[in-house]
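Peer 1: Fold the following and give me the result.
(one chain, ligands or ions: 1)
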Amino acid sequence: MLADKSVNEHSFQVDLRGLVDLLSHHLYSSPRVYLRELLQNAVDAVTARRQADPSAPTAIRITVDEAGLRVDDPGVGLTEADVHRFLATIGRSSKRDDLEGARREFLGQFGIGLLACFTVAERIRVVTRSAADPQAPPVEWAATSDGTYSVRRLGPDERQAPGTSVFLTPRPGAERWFAPDLVVELARDFGSLLPYEVTVDGGGRTVRTTDSPAVWDRSYDSPAARRAALLAYGERVLGFRALDVVELDIELAGIRGAAYILPQPANPSAGGRHRVYLKGMLLGDATTGLLPDWAFFARCLVDTDTLRPTASREGLFEDETLGAVREALGGRLRDWLTGLAAQEPHRLAAFLAVHNLGVKSLARHDLDLFRIMLPYLEFESTDGTVTLAEFARRHPVIRFTTSVDDFRQVASIAAAQGVGVLNGGYTYDAELFALLPAVAPDVVVEELDTEVVTAALDPVDQADELALAGFLAAARGALDPLGCDVILRSFLPASVSALYLESRATRGERTRAETAAEADGVWAEILGALKSEAPRARLVLNHRSPVVRRLAGVRDRALLVTTIEALYGQALLMTHRPLRPADVALVNRAFDDLLGWASRSAAGPDGPERLDGADEGEETK
Ligand SMILES: Nc1ncnc2c1ncn2[C@@H]1O[C@H](COP(=O)(O)OP(=O)(O)OP(=O)(O)O)[C@@H](O)[C@H]1O
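Peer 2: The predicted structure is shown next:
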């Protein structure tokens, strides 16, 4: 193939000022990271020197004065050629030749970190002398934020010891980032776990800002002392006294630290926010992705040397390693939970009192855990708050509703008849009930059908039914247009006069019919075609109720209708469901009429008889 002579190869042109601005001002969320980048370079330089000379000094010193800030490290330093290669070339890093190896050893890797200093400095000056090449003279590199720099070879006496000093001159308006107290705070926040001692000189005092080895790497007299130290450390750094602390030590992934169990319920969708250090340097205190979603009840404080940072060093890079670490840490928390269940049930109970929801969420995906937690997880039921194990012992068939409304509708009635019902209306509960046979094969679980409740109610004697025949006929006539049948049963508690029962199919059909009535054209046709023969709703009148019994003696048909409408309304209200407009109108009318009756009977001298009298009846409608 002949080369196309009209095609010219070009290199990208870079607007240096724009690039410096982009990297220094827009990559990081706050200028405070400038100190982290300086510390990181100093630590990496010391590490690099100690690879060749394990006895090399390690102390890093930060000095703050009127001129600005200075960081001195006794690290590997740079030759003049290194300065041109690494300091003057954006995106080139000495720490990346052998990428995987470098990642394990060094904190930096992208070759852009130093530019973060331009967020607070107008000038960066580096004076450095190589430890690798003792004959090489010291060099000075000075750069300004407009993207220009100069390199100057220094005399051998201008810097004798190998290592590097970085000087920052504050940018006008950014002086507050150089206040000694703030510098101490930043050095502590980012670098308290760094492996080499860091001190800050400024404001007339010298402060050591490193606090290594980390609290989990120290030795203690007893496990109790260790636990107390971990808890105290968590309280100081995270700001809360944890319910419990779980040590995290995953050697393969180079992870050390602890998970602190939140003392208050956490929002499952908020995502875990963890304080993560990479090789002793703080990555962030709201780092996400470290634990599985279900473990939202824990906040971690960990140091790792395998996970990778994003370029801004403010988050974890989502890769396979992070996925594996997440799984391993999740495993640790699960082991802790199962361990508590087996050995310290009182502590488990305290945990569940706060984090019931998290554990339920987890148990849905983890049958082993569900089995272990079965004796401890609590649910609302007609027997009160119970564990599933307790409930199964009392009820051969476990029945549950899938909504809180359904539960309220039947709970007291079912309980009075001895039918046990669990409320599956709360988050995750119905899912767990349905999973129950998978962990307890001899348990029968059924979603509650209103038929079951009806069947549990005692039928009444024929004679009693006959005595109320007039009332029942009036009731059926009044409620038929509302799609509701009327039946008579005898049940406890006697204080409930009427019960409104509606299966889910009935409710669905009712919603369909209402929508069809409002819809027009094609929709009305489609909804019409979906019409089904769902069982009708039922108003179950309670023969044990004194109110219902007394109705047998009422002759006035109008009053009977008003009363049945009032009972229907009362039963509907007990279901806690939204009322249809037709129901609201009916309930209002019924209560108005009842008030009318009551006021007339109270006003008249022989009022009570009037309830049975036909003369006033017409006026009630
Ligand atoms: N204190 C120092 N001592 C020796 N070399 C240094 C020092 N500071 C910077 N360098 C050199 O300058 C290079 C660029 O530094 P820079 O901070 O911009 O990037 P990095 O540390 O390599 O990566 P990152 O962008 O992830 O921080 C480094 O790779 C290193 O070779």
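Peer 1: so how far is stretch 359-366 off the chain centroid?
Peer 2: How far stretch 359-366 lies from its chain's middle: 14 Å, per CA atoms, centre = their mean, to the nearest Å.
Peer 1: In that stretch, which residues are buried?
Peer 2: The neighbour-count check on stretch 359-366 (16 or more other CB atoms under 10 Å) flags 359-363, 366 as buried. No exception for glycine: its C-beta is placed from N, CA and C like everyone else's.
Peer 1: Does Val166 touch Arg70 like I think?
Peer 2: Yes. Under the criterion of CB atoms under 8 Å, Val166 makes contact with Arg70 at 6.9 Å.
Peer 1: neighbour count winner among the two?
Peer 2: When Val166 is set against Arg70 and neighbours are counted by other CB atoms under 10 Å, the residue ahead is Val166, at 23 against 18.
Peer 1: Mind listing the strands the host helix or strand of the more buried one pairs with, and their directions?
Peer 2: The secondary structure element spanning Val166 is strand 163-170 (assigned by DSSP states H and E). Here strand 163-170 is paired, per DSSP bridges, with strand 68-73 (antiparallel), strand 121-129 (antiparallel).
Peer 1: Which helix or strand lies directly C-terminal to it?
Peer 2: Using DSSP H and E, the helix or strand that follows strand 163-170 in sequence is helix 180-191.
Peer 1: That following helix - contacts with which helices or strands?
Peer 2: Using 3 or more CB pairs under 8 Å, 6 or more residues apart in numbering; DSSP states H and E as the contact criterion, the neighbours of helix 180-191 among helices and strands are helix 33-52, strand 60-65, strand 198-202, strand 281-287.
Peer 1: With the ligand as the reference, name the closest of these.
Peer 2: Taking CB to the nearest ligand atom as the criterion, helix 33-52 is the member of the helices and strands packed on helix 180-191 that comes nearest to the ligand, at 3.3 Å.
Peer 1: And the closest one, what's buried?
Peer 2: 33-50.
Peer 1: Please save the CA atoms from that helix in PDB.
Peer 2: As requested, C-alpha coordinates have been extracted for helix 33-52 and formatted as PDB (Å, rounded to 0.1, in the frame of the first residue of the first chain):
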ATOM      1  CA  VAL A  33      -5.200  18.800  49.400                       C
ATOM      2  CA  TYR A  34      -2.100  20.800  48.600                       C
ATOM      3  CA  LEU A  35      -0.600  19.600  51.900                       C
ATOM      4  CA  ARG A  36      -1.500  16.000  51.200                       C
ATOM      5  CA  GLU A  37       0.300  16.100  47.900                       C
ATOM      6  CA  LEU A  38       3.500  17.600  49.500                       C
ATOM      7  CA  LEU A  39       3.500  15.000  52.300                       C
ATOM      8  CA  GLN A  40       2.900  12.300  49.800                       C
ATOM      9  CA  ASN A  41       5.900  13.300  47.700                       C
ATOM     10  CA  ALA A  42       8.100  13.500  50.700                       C
ATOM     11  CA  VAL A  43       7.000  10.000  52.000                       C
ATOM     12  CA  ASP A  44       7.500   8.500  48.500                       C
ATOM     13  CA  ALA A  45      11.000  10.000  48.300                       C
ATOM     14  CA  VAL A  46      12.000   8.600  51.700                       C
ATOM     15  CA  THR A  47      10.600   5.200  50.700                       C
ATOM     16  CA  ALA A  48      12.500   5.300  47.500                       C
ATOM     17  CA  ARG A  49      15.800   6.100  49.200                       C
ATOM     18  CA  ARG A  50      15.300   3.400  51.800                       C
ATOM     19  CA  GLN A  51      14.800   0.800  49.200                       C
ATOM     20  CA  ALA A  52      18.600   1.300  48.400                       C
END
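Peer 1: now it: how far from the chain's centre is it?
Peer 2: Distance of helix 33-52 from its chain centroid, counting by CA atoms, centre = their mean, is 36 Å.
Peer 1: near the ligand at all, that helix?
Peer 2: Yes. Helix 33-52 reaches the ligand (CB under 6 Å from any ligand atom) through 37, 40-42, 45.
Peer 1: Please apply the same query to stretch 132-139.
Peer 2: No. Judged by CB under 6 Å from any ligand atom, stretch 132-139 stays clear of the ligand, getting no closer than 10.4 Å.
Peer 1: Which positions within that stretch qualify as buried?
Peer 2: Using 16+ other CB under 10 Å as the test for burial, stretch 132-139 gives 136-139.
Peer 1: what do you get for stretch 345-357?
Peer 2: Within stretch 345-357, the residues that qualify as buried are 348, 350-352, 354-357, counting by 16+ other CB under 10 Å.
Peer 1: and what of stretch 219-239?
Peer 2: Under the neighbour-count criterion of 16+ other CB under 10 Å, stretch 219-239 has 226, 230-231, 233-234, 238 buried.
Peer 1: Kindly report the same for stretch 160-169.
Peer 2: 162-169.
Peer 1: One more: stretch 276-295?
Peer 2: Buried positions in stretch 276-295, judged by neighbour count with 16+ other CB under 10 Å: 276-285, 287, 289-292, 294-295.
Peer 1: Got phi/psi on Ser150?
Peer 2: Comment: the main-chain dihedrals of Ser150 come out as phi -130, psi 150, following degrees, to the nearest 10.
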